[in-house]
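> predicted structure and sequence below. I'll ask about it afterward.
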Amino acid sequence: MSEKNREGKRTARDRMAAEREKQKAAEKRRRTLIVGASVVCVLGLAAVIGVIAANVGKDDGSESAGPVVAPSGAQGEDSLTIPAGEEDAASTLVVWEDFRCPACKSFEDTYRSTIHELTDAGQLRVEYRLATIIDGNLGGSGSRNAANAAACAQDAGKFVEYHDVLYQNQPPETDDAFADNDKLFELAAKVEGLDTPAFRTCVEEGTHNSWVEKSNDAFRSGGFTGTPTVLLDGKNIYQDQSMTPQKLKQRVQEAAQG
């Protein structure tokens, strides 16, 4: 073999090795992003508990006070669950989320297409549960306002679409952009047929604010450690660092096959 051919083979091997290392590094960055973001949202849970304890017995006169109005189609105990997918699906995924939580965005960005594929196939039912721990940690009202707007979208039959848009356009955690109704309307315009007078009135009046607060109370009393909390048929799969979209798909499809 000529020196030129040997050099060519070494170069090809080097390129393949470099590509493998690049792929490993990308996967490590993805997992680090999810785990790191999760830590932020866990700290948010501790902070919000502290804020609540410090304000027990105080009436803050917030605009959210009012009757608990569940969004259309909400189910479960106290109507705190927003369902998606077939009711008789073999598997159920419960997702506790906060629209300001960066770990929730990481989860959604990683699993969104797989979850949609499985719900569209009738193999998975998703139960969305909303929390507002980042508001308690950093202040502001973006978690609550975004959750209320998502509940307003549920009234219009467009929760999942708007839910996805909110995460795809999530501001930095310290930027309380979702507290601004104009921002919520801007994003609603990305969902066909959602930006209507009825939706705007629902958002502006905070129609579901008290429902959102009741949902957050259920999260706090549920013994969860942070958002997202993702339960597949009762098992917390988000804590499983070996979980991937492909593994989730395999488990759901196996359950569907009996």
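Yep, it's here. Residues are numbered from 1 along each chain as shown.
> which parts of the stretch 1-150 of the chain are strands?
Applying DSSP state E, counting those that start in this stretch to the stretch 1-150 of the chain gives strands spanning 82-84, 91-97, 124-130.
> whichever strand or helix holds Ser215 to strand 91-97, inter-axis angle?
Following DSSP states H and E, one finds Ser215 within helix 209-221. Between the axes of helix 209-221 and strand 91-97, defined by axes from the mean of the first three to the mean of the last three Cα atoms, to 10 degrees, the angle is 110 degrees.
> wait, Leu93 sits on Arg125?
Yes: Leu93 is within contact range of Arg125, at 7.2 Å (criterion: Cβ atoms under 8 Å). Any C-beta I mention is one placed from the backbone N, CA and C, and that applies to glycine too.
> compare the two (neighbour count), which wins?
When neighbours are counted by other Cβ atoms under 10 Å, Leu93 and Arg125 differ, and Leu93 comes out ahead with 23 against 19.
> how close does the more buried one sit to Pro171?
Leu93 sits 26 Å away from Pro171, going by Cβ to Cβ, to the nearest Å.
> how about stretch 123-142 as PDB, C-alpha atoms only?
Only the C-alpha atoms of stretch 123-142 are listed here, as PDB (Å, rounded to 0.1, in the frame of the first residue of the first chain):
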ATOM      1  CA  GLN A 123     -51.800   5.300  21.900                       C
ATOM      2  CA  LEU A 124     -51.200   7.900  24.500                       C
ATOM      3  CA  ARG A 125     -53.300  10.200  26.600                       C
ATOM      4  CA  VAL A 126     -51.700  13.300  28.000                       C
ATOM      5  CA  GLU A 127     -53.000  15.100  31.100                       C
ATOM      6  CA  TYR A 128     -51.500  18.600  31.400                       C
ATOM      7  CA  ARG A 129     -51.300  20.100  34.900                       C
ATOM      8  CA  LEU A 130     -50.200  23.700  35.400                       C
ATOM      9  CA  ALA A 131     -48.000  25.200  38.100                       C
ATOM     10  CA  THR A 132     -46.600  28.700  38.800                       C
ATOM     11  CA  ILE A 133     -43.400  28.100  40.900                       C
ATOM     12  CA  ILE A 134     -41.200  30.500  38.900                       C
ATOM     13  CA  ASP A 135     -43.500  33.400  39.800                       C
ATOM     14  CA  GLY A 136     -42.900  32.600  43.500                       C
ATOM     15  CA  ASN A 137     -39.200  32.200  43.000                       C
ATOM     16  CA  LEU A 138     -38.400  35.300  40.900                       C
ATOM     17  CA  GLY A 139     -41.500  37.400  41.400                       C
ATOM     18  CA  GLY A 140     -43.800  38.500  38.600                       C
ATOM     19  CA  SER A 141     -47.000  36.900  37.200                       C
ATOM     20  CA  GLY A 142     -45.900  35.400  33.900                       C
END
